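Asks: for reference, the sequence and a predicted model appear below.
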Amino acid sequence: MESYALLLGSTLSAGTVLALAALGLLINEKAGIVNLGAEGMMLCAAIAGFAATVHSGSTLVGFGAGMLAGALLAGIFGVLVIWLNTNQYATGLALSLFGAGFSAFVGLGYVQAKLPELPKFAIPGLADLPVVGPALFTLHPLVYGSIALAAVMVWFLYRTRAGLVLRAVGESPSSAHALGYPVRRIRLMAVMFGGAMCGLAGAYISVVYTPLWVENMVSGRGWIALALTTFATWRPARILLGAYLFGGVTMLQFHLQATGVQIPSQILSMLPYLATIVVLVLISRNPAWIRANMPASLGKPFYPGA
């Protein structure tokens, strides 16, 4: 029983990385912008957050540095695709490649660096519960924060005027422009918010989840987060559930190894990526369902006055 509780706790922690990044990318895509540079942004944010935490001794400074790095890179991406109308997919791929190379170069001096000891977190009362207490109620606050963020995003997108405007920009930017809304500025803010959330996810990896710096330590999570938005059909609550599903598959490989299950480690390491492919294949069997939920202008440039 205790091992399953620990598996659930580690699933929540692993899923938090994907949830933060995918929720940010959801806002991008609700505004009609596809950013394939999530992996690169997360890598740059991971080294920025790690370096800031090493030098400042504060995880909050590290998270702030990661969010700033992600927002800055997303802002550059946004200017290129929103104002200069470069191809969103090619620009995103270029950003991802840039982030991988730049983070590896900047991180050379931090490979052997050590973070200060992180404080222990516990929810008073609940953390003392038998079995589930230590597994579920001693996690980092960002784990619970990601759940709260999903709830806030549901309220924002479907219960506020600002959320309605954001969705209108993604569905019909020409109509939103005709009504006087600054489509390009709204899209840029959405893209930068998405970058900040990817940055927070990257900093969480290097500062909390795996407190060290290793080249390419994001390990494809940016790509899984991108797939997760499609898997969830652009709904925040489904993104949260999908993140925990993929997080559970990721942690299952370690659980099976610990219990002595005789499965080659290479197959276990492939499980998260195989699960991503299988889910996308299953969803793609019904393209009409995807089109019904996908923002109508997703991936398409906007030309004011056209």
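Replies: Perfect, thanks for sending it.
Asks: quick one: low-confidence ranges for the stretch 151-300 of the chain?
Replies: Residue ranges of the stretch 151-300 of the chain with pLDDT under 70: 257-261, 265, 268, 289, 292.
Asks: quick one: the helix or strand harbouring L274 to chain centroid distance?
Replies: Using DSSP states H and E, L274 sits within helix 265-284. Remark: helix 265-284 is offset 18 Å from the chain centroid, using Cα atoms, centre = their mean, to the nearest Å.
Asks: just the CA coordinates for the helix or strand just after it, please, in PDB.
Replies: Once helix 265-284 ends, the next helix or strand along the chain (criterion: DSSP H and E) is helix 287-293. Only the C-alpha atoms of helix 287-293 are listed here, as PDB (Å, rounded to 0.1, in the frame of the first residue of the first chain):
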ATOM      1  CA  PRO A 287     -10.200  14.300 -37.100                       C
ATOM      2  CA  ALA A 288     -13.700  15.900 -37.100                       C
ATOM      3  CA  TRP A 289     -13.600  15.900 -33.200                       C
ATOM      4  CA  ILE A 290     -10.200  17.600 -33.200                       C
ATOM      5  CA  ARG A 291     -11.300  20.300 -35.700                       C
ATOM      6  CA  ALA A 292     -14.400  20.900 -33.600                       C
ATOM      7  CA  ASN A 293     -12.300  21.700 -30.500                       C
END
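Asks: please identify the buried residues of helix 287-293?
Replies: Residues of helix 287-293 classed as buried by neighbour count (16 or more other Cβ atoms under 10 Å): none. Placement of C-beta: from N, CA and C, glycine included.
Asks: how far does that helix sit from its chain's centre?
Replies: Relative to its parent chain, helix 287-293 has a centroid offset of 23 Å by Cα atoms, centre = their mean.
Asks: mind giving me the packing neighbours of it?
Replies: If you count contacts as 3 or more Cβ pairs under 8 Å, 6 or more residues apart in numbering; DSSP states H and E, helix 287-293 packs onto helix 265-284.
Asks: just the CA trace of the helix it packs on, in PDB.
Replies: Provided in PDB are the C-alpha atoms of helix 265-284 (Å, rounded to 0.1, in the frame of the first residue of the first chain):
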ATOM      1  CA  SER A 265      15.200  -1.100 -19.000                       C
ATOM      2  CA  GLN A 266      15.300   0.200 -22.600                       C
ATOM      3  CA  ILE A 267      11.600  -0.800 -23.000                       C
ATOM      4  CA  LEU A 268      10.700   0.800 -19.700                       C
ATOM      5  CA  SER A 269      12.500   4.000 -20.800                       C
ATOM      6  CA  MET A 270      10.400   4.100 -24.000                       C
ATOM      7  CA  LEU A 271       7.100   3.900 -22.100                       C
ATOM      8  CA  PRO A 272       6.300   7.700 -21.900                       C
ATOM      9  CA  TYR A 273       7.100   8.200 -25.600                       C
ATOM     10  CA  LEU A 274       5.200   5.100 -26.700                       C
ATOM     11  CA  ALA A 275       2.200   6.300 -24.600                       C
ATOM     12  CA  THR A 276       2.400   9.700 -26.300                       C
ATOM     13  CA  ILE A 277       2.400   8.100 -29.800                       C
ATOM     14  CA  VAL A 278      -0.400   5.700 -29.000                       C
ATOM     15  CA  VAL A 279      -2.700   8.400 -27.500                       C
ATOM     16  CA  LEU A 280      -2.100  10.700 -30.600                       C
ATOM     17  CA  VAL A 281      -2.900   7.800 -33.000                       C
ATOM     18  CA  LEU A 282      -6.100   7.100 -31.100                       C
ATOM     19  CA  ILE A 283      -7.200  10.700 -31.100                       C
ATOM     20  CA  SER A 284      -6.300  11.200 -34.800                       C
END
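Asks: still on that earlier bit, quick one: buried residues of the helix holding L274?
Replies: 268, 271-273, 275-276, 279, 283.
Asks: and it, what other elements does it pack with?
Replies: By 3+ Cβ pairs under 8 Å, 6+ apart, helix 265-284 packs against helix 221-231, helix 236-258, helix 287-293.
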